[in-house]
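Visitor: pasting the sequence and the predicted coordinates here, then a few questions.
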Amino acid sequence: ICFTLGPATNWADGVTYMRWVFQAKVDEYSRFHIPNSYTDLVSPSALVDGLKHNLTVHTAVQTKLSFLRLFVEPTTDNTKSPDDRIFPYLTAIVDVKDGIVKGIAWDDACVFCGSKRCVENTYNFAGETADTLEVSENTKGCYLTRQECQKLRADDPNNTDCDLKLHVVWTGSDADGEALLSSANRYSAFPPGRLQDRVSVPTFDVKGAIANINPLADDDEGNNA
C-alpha cells in the first residue's frame, strides 16, 4: 500500500511529495501510523518547511489510486492559524475482484462529529471537489482545529489523535474467489456510541518515518520509496 502526502489539492501540474510504502495482509484490518507527524508536519514547530498549510493524501494499491483527501486545510492566509483544520480520520476501502484491485474509496469520516464539523474534503487530482463530480462514495470528513490539536498534545505529549494515520479495509473477493470481509470493521459500520468499544487491532508504526523520508518528485513507480 502506497500512502502519499503532498501540498495543495491540485496535483495536475506536478508537486513535490512524500511517500510511504506499507505491507498489509489482504482482508485484515490494518492501521498505519506515522509517528510524530503532527509535530513534524503541522504544529508551530513543524520541521518540513516546504509542506505548509494545505496538505492532501491519497492511497494506491496495485494500479489503482484513491481520490485526494485533505489532511490540513488553512482557514486564513496567515501561517499556521489556530483555526486551521486537521482531518485525522482516514480509512481506505480497497475493492478487489478475484485478487485484482478495482478501486479505492474513502470511508465515511463524519461518524466522529456532528453535522457542523462534517465538511467536504475530497478532491480529484485536478483540484475539483469530488462532490461536484457526482461520485458514488463518501466525500466528507470531520476535523479538529490546530488549536484543539495543540491542546491535546499539551495535555498529553503522547497523544496521537492529530497524527497522520491510515486505516485500511478490504471488500470483494481474493484470487481464490473467497469473499473479503474486513470492510465490516470500518468505523462507519459501527453506531457512534459503540466506536469507543471497538476491539483493539494490531498497529503498525513506522519508526522515524518523517526523519528518514525522501521527498519524491519524479519517481512514479515508487522505486525509491
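Guide: That came through fine.
Visitor: so which residues of the protein form helices?
Guide: 37-41, 146-155, 209-212 (DSSP state H).
Visitor: and those, which is most packed in?
Guide: helix 37-41 (a mean of 22; mean count of other Cβ atoms under 10 Å). Bear in mind the C-beta positions are built from the backbone N, C-alpha and C, glycine included.
Visitor: average pLDDT for that one?
Guide: On average, the pLDDT along helix 37-41 is 85.
Visitor: convert the C-alpha atoms of that helix to CSV, please.
Guide: Backbone C-alpha positions of helix 37-41 (Å, rounded to 0.1, in the frame of the first residue of the first chain) are rendered in CSV as follows:
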residue,chain,number,x,y,z
SER,A,37,3.7,13.5,12.1
TYR,A,38,1.5,16.2,13.7
THR,A,39,4.6,17.7,15.4
ASP,A,40,6.8,17.4,12.3
LEU,A,41,4.3,18.5,9.6
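Visitor: check which helices and strands it sits against.
Guide: In this structure, helix 37-41 packs against helix 146-155, helix 209-212, with contacts taken as 3 or more Cβ pairs under 8 Å, 6 or more residues apart in numbering; DSSP states H and E.
Visitor: which among the helices of the chain is found nearest to A130?
Guide: Of all the helices of the chain, it is helix 37-41 that lies closest to A130, at 23.3 Å by Cβ to Cβ.
Visitor: pull the distance from that closest one to the chain's centre.
Guide: Mean-position distance between helix 37-41 and its chain equals 14 Å (Cα atoms, centre = their mean, to the nearest Å).
Visitor: picking that back up, and the helices of the chain, which one is worst for confidence?
Guide: Averaging pLDDT over each of the helices of the chain puts helix 209-212 lowest, since it has a mean of 35.
Visitor: hmm, back to that, kindly reformat the helices of the chain as JSON lines containing distance to A24.
Guide: Below are those laid out as JSON lines (distance: least, Cβ to Cβ, whole Å):
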{"stretch": "helix 37-41", "distance to A24": "19"}
{"stretch": "helix 146-155", "distance to A24": "27"}
{"stretch": "helix 209-212", "distance to A24": "16"}
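Visitor: quick one: which of these is nearest R85?
Guide: Using Cβ to Cβ, those put helix 146-155 closest to R85, at 7.8 Å.
Visitor: mind listing what the most centrally placed residue in the chain touches?
Guide: Residue closest to the average C-alpha location in the chain (Cα atoms, centre = their mean): L90, at 4.0 Å. Applying Cβ atoms under 8 Å, 6 or more residues apart in numbering, we find L90 in contact with V57, R69, F71, W106, A109, L164, K165, L166, H167.
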